[in-house]
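Engineer: prediction below, plus the sequence it came from.
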Amino acid sequence: GMESPAVPRYAPPPGFVRKTKAEKRELKAAKMRELRGEWRRREREGRRKQVAQRAAERGAMLERMSEEERADFWRAERAEKERLEQEKREQNERLDAALSDGVRVVVDLSYGATMNLKEQRSLARQLGRCWGANRRAPAPVALHLASMQRCPAPCLPQDGDHKRWKVRLLDEDLEHHFSPSDLVFLSPDADEALTCVDKSKVYVIGGLVDVSVQKRSSLTRARELGATAVRLPLREHVADVANRRQPLTLPAVLEMLLHVNATGDWLAAIEAALPARNHTRPPELSRSGRRKGKRARLEAQASGAEASGPSSSGPSSSGAAEGAAAEGAAAEGLSGAAREGGSREGDSGEGDSGEGGDSSSDDSSGEDGGAEGASEGAGEGRACQA
């Protein structure tokens, strides 16, 4: 037989040097930094255009007003500005009072080296959300950030924003600043539930964001220090939590503590802070429930077609009825499949916790998700405060 022609091997051009994987990663990272810089530049330009557009619209609106209308407008504008300034002053006063004599909450940043870069950046975003929640709270807590010295830079907000927050920054580990007998670690793996918020204790939220959920991290650290470890009382107050050991994000845990510190109502605090994806679905909305519903609809249509039976017009009309029933069943099956596919697509998209990919969860900040009675002790929480 005829021999196939030999395929010439690829010859790299003269002077070509193959890059290593590390060099390729660095080039890719440099390209992403350049793209992010371009995106930020476009965002700033867009904001400047919006500001200029609002200023032009405001000037045009003022020109259309009469003298009396302009005077009323400026008077209302000054009143709104004074109201916002007063709110900010009151907010700062509450934060100062909390720092001097409030419930102490520490975010332990000693886990930074155990996370990858994506998880570290997620932690930085969650710290910003924690500060925002505490700043807006009617009863804020004395927020501390511990282990700052050994916390990698990506774990902290960019441009040193945390240095302007009204929080206490602790360079050393928390055991150098607090007695182990006063420390209360919040861990989803603990057996004892937190029943109230005590001002004499120091509540520790682990600054750990991990996609793979590192088990028992905060519980192990609490035992090493001889401190107490408790979990949030989810199973005691909420009956429809999907996972009893589901870790929560730092903002979710802090918002629960803030709500209980202000009202003492655990049930309202959990319902307000717990993400919707952590609740179980009604049986009819689950995948098996949707399949059962589709089968029931098809069986009902088939039984209805059989019950109609052959009509007086003979076999031709009976065949037409059966064909119509088959077409209806096929259409119903297609629509049910489309609905089911849409539901699955919705399910797969609800894992993100905001922030561009924070579906990661905090082992040490997460607490138990239980499915037991939701009727006991909804009003307790502040009874044991000092």
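Structural biologist: Structure's in. What do you need?
Engineer: I figured Leu248 hits Leu274, correct?
Structural biologist: Yes. Assessed by CB atoms under 8 Å, Leu248 is found in contact with Leu274 at 7.4 Å. Backbone N, C-alpha and C define where each C-beta goes, glycine included.
Engineer: and these two? Which one has more around it.
Structural biologist: Neighbour count, other CB atoms under 10 Å: between Leu248 and Leu274, Leu248 has more, with 28 against 22.
Engineer: tell me how far that one lies from Ala222.
Structural biologist: 17 Å (CB to CB, to the nearest Å).
Engineer: next one: Glu26
Structural biologist: Distance of Glu26 to Ala222, computed by CB to CB: 40 Å.
Engineer: more neighbours, those two?
Structural biologist: Ala222 (25 against 12).
Engineer: my guess is the more buried one contacts Asp189, does it?
Structural biologist: No. Using CB under 8 Å, Ala222 makes no contact with Asp189, being 9.8 Å away.
Engineer: intersection of neighbour lists for the two?
Structural biologist: Taking CB atoms under 8 Å, 6 or more residues apart in numbering as the contact rule, Ala222 and Asp189 both touch Ala229.
Engineer: what mean pLDDT does stretch 17-34 get?
Structural biologist: What stretch 17-34 shows for mean pLDDT is 91.
Engineer: where does pLDDT dip in this protein?
Structural biologist: For the chain, the stretches with pLDDT under 70 are 1-7, 211-213, 239-246, 275-287, 308-386.
Engineer: and the longest helix for it?
Structural biologist: In the chain, with assignment by DSSP state H, the single longest helix is helix 21-64.
Engineer: quick one: the helices in this structure?
Structural biologist: Under DSSP H, the chain gives helices at 21-64, 67-101, 117-136, 217-225, 234-237, 250-263, 266-273, 287-308, 315-349.
Engineer: now for the fourth one, which elements pack on it?
Structural biologist: Read it as helix 217-225. strand 183-186, strand 202-206, strand 228-230 (3 or more CB pairs under 8 Å, 6 or more residues apart in numbering; DSSP states H and E).
Engineer: now it against strand 202-206, angle please.
Structural biologist: Orientation check (axes from the mean of the first three to the mean of the last three CA atoms, to 10 degrees): helix 217-225 against strand 202-206 gives 130 degrees.
Engineer: just give the nearest non-adjacent residue to Ala124, would you?
Structural biologist: Closest residue to Ala124 apart from its sequence neighbours, by CB to CB, 6 or more residues apart in numbering: Pro157 at 5.2 Å.
Engineer: what comes up buried for stretch 84-97?
Structural biologist: Of all the residues in stretch 84-97, those buried under the rule 16 or more other CB atoms under 10 Å are 91, 94-95.
Engineer: go on, stretch 10-25?
Structural biologist: Buried residues in stretch 10-25, counted by 16+ other CB under 10 Å: none are found.
Engineer: CA atoms of it as PDB?
Structural biologist: Taking C-alpha atoms only, stretch 10-25 is exported to PDB below (Å, rounded to 0.1, in the frame of the first residue of the first chain):
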ATOM      1  CA  TYR A  10       6.600  21.600  14.900                       C
ATOM      2  CA  ALA A  11       9.900  23.400  15.200                       C
ATOM      3  CA  PRO A  12       9.900  26.400  17.500                       C
ATOM      4  CA  PRO A  13      11.300  29.600  16.000                       C
ATOM      5  CA  PRO A  14      14.900  30.500  16.800                       C
ATOM      6  CA  GLY A  15      15.500  32.000  20.200                       C
ATOM      7  CA  PHE A  16      12.200  30.600  21.600                       C
ATOM      8  CA  VAL A  17      12.300  29.800  25.300                       C
ATOM      9  CA  ARG A  18       9.500  27.800  26.800                       C
ATOM     10  CA  LYS A  19       8.100  29.500  29.900                       C
ATOM     11  CA  THR A  20       7.600  27.700  33.200                       C
ATOM     12  CA  LYS A  21       4.200  27.300  34.800                       C
ATOM     13  CA  ALA A  22       5.200  29.900  37.500                       C
ATOM     14  CA  GLU A  23       6.100  32.400  34.800                       C
ATOM     15  CA  LYS A  24       2.800  31.800  33.000                       C
ATOM     16  CA  ARG A  25       0.900  32.400  36.200                       C
END
